[in-house]
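Enquirer: sequence unknown, structure follows:
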């Protein structure tokens, strides 16, 4: 039974209104998808305003540190391919998830692992599919910044801490994770951006 088939009660009316508001909000959110530059500019402005607020209040450093770690995690997922090419090589050095190994990485004939990314110049072109798409990356980052703004309204989240330690640890963590990601990109020869890639027109010529 859907929410529109419920009896005409105050609870059912509230549910119908929530469904309508949810659909309307999702429609507005989907309409912003083509405006990539505008969306990210708005996120940048919101992030700058948040940092200015933290600077003026001189507090909530734990919340800011958690926000930075979360945005870093989203960025790494944005740079990573949906199907890790390390599964094909069977490398044990990379911290791979066991579930990902069993997620259909092998083909039906002979059990050889499928090739997810082109690693040789003569191989067929395969588009880069991100583990976290750009729109989801942006939307989750927006929600994280708004949640951090909300936390700064309550003094209970202002935990005393020596903030230079958090800054140093964050940059160390950023350097280590980005170094590992770049090594992974070089090892399996893929580029998560369109810069420098050949472009084709409709006729199929470069």
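Expert: Arrived safely, thanks for sending. Here the structure is a predicted model, which means the values were calculated and not measured.
Enquirer: What ranges in the chain fall below the confidence cut-off?
Expert: Of all residues in the chain, those with pLDDT under 70 make up the ranges 1-8, 10-11, 86-127, 194-206.
Enquirer: hmm, 80 instead?
Expert: Residue ranges of the chain with pLDDT under 80: 1-13, 83-128, 188-206.
Enquirer: Tell me how many other residues surround the residue nearest to residue 59 when sequence neighbours are not counted.
Expert: Leaving out its chain neighbours, the residue that sits closest to residue 59 by Cβ to Cβ, 6 or more residues apart in numbering is residue 158, at 4.3 Å. Heads up, the C-betas are built off the backbone N, CA and C, glycines and all. Using other Cβ atoms under 10 Å, residue 158 is surrounded by 16 other residues.
Enquirer: Same question for residue 24.
Expert: 10.
Enquirer: Distance check, it against residue 138.
Expert: Distance of residue 24 to residue 138, computed by Cβ to Cβ, to the nearest Å: 20 Å.
Enquirer: The residue nearest to residue 59 reaches residue 64, doesn't it?
Expert: No - Residue 158 sits out of contact with residue 64 when judged by Cβ atoms under 8 Å, with a separation of 10.9 Å.
Enquirer: By residue count, what's the longest helix in this structure?
Expert: helix 163-188 (DSSP state H).
Enquirer: Show me what counts as buried in that one.
Expert: If you call a residue buried by 16 or more other Cβ atoms under 10 Å, then helix 163-188 has these buried ones: 163, 166, 184-185, 188.
Enquirer: repeat for stretch 40-47
Expert: Within stretch 40-47, the residues scored as buried using 16+ other Cβ under 10 Å are 43, 46-47.
Enquirer: so which of those comes closest to residue 130?
Expert: residue 43 (17.5 Å; Cβ to Cβ).
Enquirer: tell me what the helix or strand containing the closest one is packed against?
Expert: Using DSSP states H and E, residue 43 falls within helix 36-57. Contacts defined by 3 or more Cβ pairs under 8 Å, 6 or more residues apart in numbering; DSSP states H and E place helix 36-57 against helix 61-79, helix 134-151.
Enquirer: who does the last one touch, helix- and strand-wise?
Expert: Read it as helix 134-151. Other elements packing on helix 134-151 under the criterion 3+ Cβ pairs under 8 Å, 6+ apart are helix 36-57, helix 61-79.
Enquirer: Repeat the analysis, applying 10 Å as the threshold.
Expert: Judged by 3 or more Cβ pairs under 10 Å, 6 or more residues apart in numbering; DSSP states H and E, the packing partners of helix 134-151 are helix 10-31, helix 36-57, helix 61-79.
Enquirer: Can I get the ones you listed in CSV including distance to residue 132?
Expert: Below are the helices and strands packed on helix 134-151 laid out as CSV (distance: least, Cβ to Cβ, whole Å):
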stretch, distance to residue 132
helix 10-31, 17
helix 36-57, 15
helix 61-79, 4
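Enquirer: Return the most buried member of those helices.
Expert: The highest mean neighbour count among the helices and strands packed on helix 134-151, using mean count of other Cβ atoms under 10 Å, belongs to helix 61-79: a mean of 18.
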